[in-house]
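Asker: Let's see this in three dimensions:
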Amino acid sequence: MTSTQPKLPEGFDPVTLEVIRMRLDSIVEEMGIAMIRSSGSPVITEAGDFNTALFDPTGRIYAYSDYVQFHIGSGSVAVRNLVEAIEGEPLAPGDAFICNDPHTAGASHPPDTNVISPIFHGDELIGWAQSQAHLVDVGGMTPGGFAPGAHDCYAEALRLPPGVKVFERGEPVEWVRRILLNNVRVPTLFWNDVRSLVASNNTGIRRLLGTIEEFGLERFRDYTRLSFELAEQVVRKRIRAIPDGRYSAEEWTEHNGHVDELYRVACTMTKSGDQITFDFTGSSEQTDGFVNCSYGALVGSVATAIVPILAWDVPFNEGVMTAFDIVAEPGSIVNPRPPAPISNGHLTTGARVSRLVTKLMNDACHRSDDDTVRNRTQGVWGDSWTGGISAGTNDGGEYFVLFNMDGGGMGAGAQPDGDGLDCAGMMTQVNNMLPDVEMNEMLYPVLYLWKQLDVDSAGHGAHRGGLGLRFAWTLHGAREVTQTVFAPSAQVVADGFGGGLPGGGSGHEVWRRTDVARLLDAGRVPTRDALSAEEKELLAINQQSVTIRAGDVFVQWIAGGGGYGDPLLRDPKLVAADVRDGYVTAQAARRTYGVVLADGIVDKAATARARAEIRKERLGEAPVRQVPAALPAGSSAPRRDANGWFVPASGARLDAGEDWRRAARKVTHVAADRLATYGIRVRPRTNGRRVVIDEYYSPACGTLLEARVRVDSAVG
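Answerer: Numbers count the residues shown, from 1 in each chain. All right, here's what the predicted structure looks like:
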């Protein structure tokens, strides 16, 4: 790809430009440090579930910290809605506004609380400091702010619209503080976190004013405006390298908290010149369950996928997003109206939006003649926060709410140059962190029994998708807790790319009346194989008010990422290493990768025969074209040249016009059944629409070209 370094206008110094740009990045990072050091919540200090940002007076982003990309949308919408809500009202240094309502303030969900502070240079408003974090409890019908049982937004949380002033001239607004603390379950922790958000903003204000004093206000404005323009130029240049056209795809949100239905998330991406429009028309109407995605979370979910695909090396500011338009019908699941409940919309429907945009960009970028843009394709991430929230009273009589951030341990999609990261977090969590076992055990009455990689979760491929996490705990220091769970990627899992297989799904069980105490008393480790239980209760995808008692064991597993390329193209030595290291079972090595091991060593001749047999099984006859033993991972993804589509792995032609799939051999199976044969665990659907997997093979060489999960119109 030709250089993306834009040319500076005459009169601008590149060194000054970079110093100011990096100063802004440094300021928002320091804001995050201030928040971590002043907060008492593990959600902030251990898991980094927050963002910090600086905006200009109209709400354009100067700089954004790399913690949670979702908040690009929710933070931006919050600031712009605040500017509109308080127009004409007096402002002063030291003021701070609080909001968390997804419908009016753009929050991704009610626990993600914004504090926004004006920045003054003398008497002039020159910007806004914004900090946002997940607060452990915000009231509502369930502890922790996630409400699977809610039928409207009024049951979910205390709703704070734009314009609620929580600090005035540096002092708390006492009547606002009293209302807030009267409506949450852990008032001390809540208020301390609000103060930490204010401290973060104050840090940003001091540092930004220091920067302006150093460079001068007008010079600062000129260079930040130029930064916007340069970021936009780079992104638009990469968009021009993508072929013009309309690309369509869909994803599905599972279970709305009340019924096990599937809700369509549809998008048509139109690329024309250097502009892209994402049109979500055709998505399901809003539902009465907690999976509706706020507009702020929709914008953040699109940004979550776009930034690493097209702006991976561009300093993030307002210019990055100007080349993208987002269209969403009001009243839909991706832009709901009150009273739609919304407390898990960002982690369900929002995550589906990120997966959907990834699939659309895969399709578009793969058609590019530019190698750099084409290599931005990837397996889809296992984007789904598999949540567990425990609430109760410990043996000391103290009430607690544990929002377990281990739920961020999902696998990343495989890449063109390597396997996906294990337990990488969601695509939106640039700085994902998982809590230490010791930290959770110190703060809450739980004892972990295991915390390990889930070998049933990875999407197999020439490059393997990242594995998700699986863990279990039992109560230690409490008689009973009430549990809320959500497993958004249980039935419709993350796709691979170019013949890579989908990743595994997520879920929860409660093992009732186990012998965990007896094993511990005997000095034995209660492993999955050693532990016995009178009953193993599979929980619903979304469920609240689950009682867990002393002696029960809570078990959770988390989705994995999609693979990249046909598994038969994976280096057999890598498969042998995976088996040795416990990433892949011996059965999956033989059945899925066609790798035969003898005492852990690859049997080359037997592996060649096994792979040839799998290709024959795929086609029902021997292939007429052969595939070399060693090929790049992307060789199974069809490419287009002047003569049409072809399979790089063997050179076989696919005479199919615009859509190569018409010339491929297509096989359709029920997804859960088919993926089980590959060693991938997916929850079956027992009623309603079927989830299937379409596999497309080259009719000449038997190469797996695509394996895509699809919701069928037929009822299972």
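Asker: CA atoms for contacts and neighbours, from now on please.
Answerer: Will do.
Asker: Could you pull out the buried residues of stretch 169-186?
Answerer: 172-173, 177, 180-181, 184-186 (16 or more other Cα atoms under 10 Å).
Asker: Name the residues that touch it?
Answerer: 92-95, 136-139, 143, 158, 165-167, 187-188, 190-191, 399-401 (Cα atoms under 8 Å, 6 or more residues apart in numbering).
Asker: Residue ranges in this structure under the pLDDT threshold?
Answerer: Along the chain, segments meeting pLDDT under 70 span 1-7, 715-716.
Asker: Longest helix of it, counting residues only.
Answerer: helix 187-215 (DSSP state H).
Asker: give me every residue that touches residue 631.
Answerer: With contacts defined as Cα under 8 Å, 6+ apart, the neighbours of residue 631 are 569, 649.
Asker: Leaving out sequence neighbours, find the closest residue to residue 498.
Answerer: Closest residue in space to residue 498, ignoring its immediate chain neighbours: residue 637 at 4.1 Å, by Cα to Cα, 6 or more residues apart in numbering.
Asker: So that neighbour sits against residue 647, correct?
Answerer: Yes: counting by Cα atoms under 8 Å, residue 647 is a contact partner of residue 637 at 6.7 Å.
Asker: picking that back up, now intersect the buried residues of stretch 169-186 with the helices, please.
Answerer: Secondary structure from DSSP H places 177, 180-181 of those in helices.
Asker: Give the intersection of the neighbour lists for residue 637 and residue 647.
Answerer: Joint contacts of residue 637 and residue 647 (Cα under 8 Å, 6+ apart) do not exist.
Asker: Can you report how many residues lie near residue 282?
Answerer: Neighbourhood size, residue 282 [other Cα atoms under 10 Å]: 15.
Asker: Please tell me how far residue 652 sits from residue 571.
Answerer: Separation of residue 652 from residue 571 (Cα to Cα, to the nearest Å): 22 Å.
Asker: Could you do residue 249 as well?
Answerer: Separation of residue 249 from residue 571 (Cα to Cα): 31 Å.
Asker: Okay, strands next: where are they in the stretch 101-250 of the chain?
Answerer: Under the criterion DSSP state E, counting those that start in this stretch, the stretch 101-250 of the chain carries strands at the ranges 112-121, 124-134, 164-168, 171-172, 245-254.
Asker: elements contacting the longest one?
Answerer: If I follow you right, that is strand 124-134. Strand 124-134 sits against helix 42-45, strand 50-55, helix 70-85, strand 112-121, helix 187-215, with contacts defined as 3 or more Cα pairs under 8 Å, 6 or more residues apart in numbering; DSSP states H and E.
Asker: tell me the most buried of those?
Answerer: strand 50-55 (a mean of 30; mean count of other Cα atoms under 10 Å).
Asker: How about residues contacting the helix or strand that that strand is followed by?
Answerer: Going down the chain from strand 50-55, the next helix or strand is strand 61-64, by DSSP states H and E. Identification of contacts with strand 61-64 by Cα under 8 Å, 6+ apart yields 24-25, 28, 51-56, 72, 76, 224, 316-318.
Asker: Excluding covalently adjacent residues, which one is nearest to the residue nearest the centre of the chain?
Answerer: Computing the C-alpha centroid of the chain and ranking residues by Cα atoms, centre = their mean puts residue 426 first, at 3.0 Å. Counting by Cα to Cα, 6+ apart, residue 383 is the residue found nearest to residue 426 once chain neighbours are left out, at 5.0 Å.
Asker: Export the strands of the stretch 101-250 of the chain as CSV, with columns for distance to residue 445.
Answerer: Listed next are those as CSV, based on distance: least, Cα to Cα, whole Å:
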stretch, distance to residue 445
strand 112-121, 25
strand 124-134, 22
strand 164-168, 33
strand 171-172, 34
strand 245-254, 31
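Asker: quick one, which of these is nearest to residue 203?
Answerer: Among the strands of the stretch 101-250 of the chain, the nearest to residue 203 by Cα to Cα is strand 124-134 (9.1 Å).
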